[in-house]
Structures are given as structure tokens and as C-alpha cells.
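Asks: return atomic coordinates for the entry below.
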Amino acid sequence: MKTAVCPGSFDPITMGHLDIISRASKLFGSVVVLVSVNAAKNAAFTLEERVALARKATEHLPNVRVDSFDGLLVDYLRGLGDCAIVKGLRAMSDFEYEFQMALANKKLYDGAETIFLAAGADHMYLSSSLVKQIAHFGGDISGFVPDTILEEIQRRLSPGR
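Replies: Sure, this is the predicted structure:
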């Protein structure tokens, strides 16, 4: 069975991310959560911290591993061989951006097939940016991020902790 790559900046990983990763792990023999550098974003966590958080959040999924990469996704895919890109979609605006990325990836590397999974209804609104904003103002982010990494995220993002 093919390998799926779930790429993202995961700054931090959320329950929405974990939902997509978990569902992908049921559809594919193995899943790589690829924590990447997004030059357009100022990350709250270092690449190494994001990898560690993703590993902790996915450790209960036996066919999931976490890796990192600073470069074009297609260059990483070439090294894996037979694989698919799995992306979660929350809204039409996600689709427009992700569809553009899927077409560009396919143009750059013919082996880049993208599969879209619709976000679960209880996660459609959720983003890492929202989590960071709520935490910054001292709001409760439990239920938005995996319990296994909640304290680490609160410590970093919440004032006075």
C-alpha cells in the first residue's frame, strides 16, 4: 500500500491536523507527517520543536512517522518514491490555495498526486493561527490541540505561564 505524506508547518499541530493524519493512517499503509519551513510565516516554535510536538501528538498511531524538510515538497517526494500527498480542506478558500499547490506540484513532479480530505465538522474552523491567538490572550486551548502537548503549547504561547 502507498505511503501518504501530510505536509504542513504545524505551528502548532492541532486537533484538525490530527484528525486528517489519523484518517490518512487508516487509508494508507504508512503516513509521513512532514513538518516544513514556510518562509511566508513567522513560526512560534522552531522546526525541531514542531517535529517533537508532532511526534508526541501522533505516537499512538503505529504507521505514522514524523520527518522535517526545508525545501520543495516535490524534492522530498522524489526521495520516497510511490506516495501521495494528503491535504485537509476546511473551506473553499483552502481549496483554491491547495488546488493551486497540487497543480504546481504535479507540474514540477509528475509523481505528485494530491488527495484532499474534508475537515471534520468539529474542526472546520480550527487553525494553528487561531490557537496561537486564543493562547496569546490567555484563552483555553484545550480541545483545540492534543492533550499530550497542551501544556507545552500553553507554556510557550500563553502569557504569564
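
Asks: where exactly do the strands run in this protein?
Replies: For the chain, the strands identified by DSSP state E occupy 3-8, 30-36, 64-69, 83-89, 113-118, in order along the chain.

Asks: roughly how far out does the second one sit from the chain middle?
Replies: Put plainly, it is strand 30-36. Centre-to-centre, strand 30-36 and its host chain are 8 Å apart (Cα atoms, centre = their mean, to the nearest Å).

Asks: same question, the first one
Replies: Averaging C-alpha positions (Cα atoms, centre = their mean) puts strand 3-8 8 Å from its chain's average.

Asks: make 793 the first number, not 1, from now on.
Replies: All set: I'll call the first residue 793, so the last point we hit is now strand 795-800.

Asks: contacts for it?
Replies: 809, 812-813, 816, 819-828, 865, 868-869, 872, 874-879, 907 (Cβ atoms under 8 Å, 6 or more residues apart in numbering). C-betas here are computed from N, CA, C, even on glycine.

Asks: cool, and stretch 852-863?
Replies: Counting by Cβ under 8 Å, 6+ apart, the neighbours of stretch 852-863 from elsewhere in the structure are 813-814, 817, 820-829, 839-840, 842-843, 846-847, 850, 867-868.

Asks: what's the local residue count around Val825?
Replies: Burial measure for Val825: 30 neighbouring residues, criterion other Cβ atoms under 10 Å.

Asks: check contacts around it.
Replies: With Cβ under 8 Å, 6+ apart as the criterion, the residues that contact Val825 are Cys798, Gly800, Phe802, Ile813, Ala846, Thr850, Val856, Arg857, Val858, Asp859.

Asks: and the fourth one, how far from His915?
Replies: What it means is Ile813. Between Ile813 and His915 the computed distance is 12 Å (Cβ to Cβ, to the nearest Å).

Asks: these two: which has the busier surroundings?
Replies: Here Ile813 and His915 are set side by side on neighbour count (other Cβ under 10 Å), and the busier one is Ile813, at 26 against 18.

Asks: excluding its backbone neighbours, what's nearest that one?
Replies: Of all residues beyond its chain neighbours, the one nearest Ile813 is Cys798 (5.4 Å), with distances taken as Cβ to Cβ, 6 or more residues apart in numbering.

Asks: still on that earlier bit, list buried residues within the contacts of Val825.
Replies: With neighbours counted using 16 or more other Cβ atoms under 10 Å, those contain these buried positions: Cys798, Gly800, Phe802, Ile813, Ala846, Thr850, Val856, Val858, Asp859.
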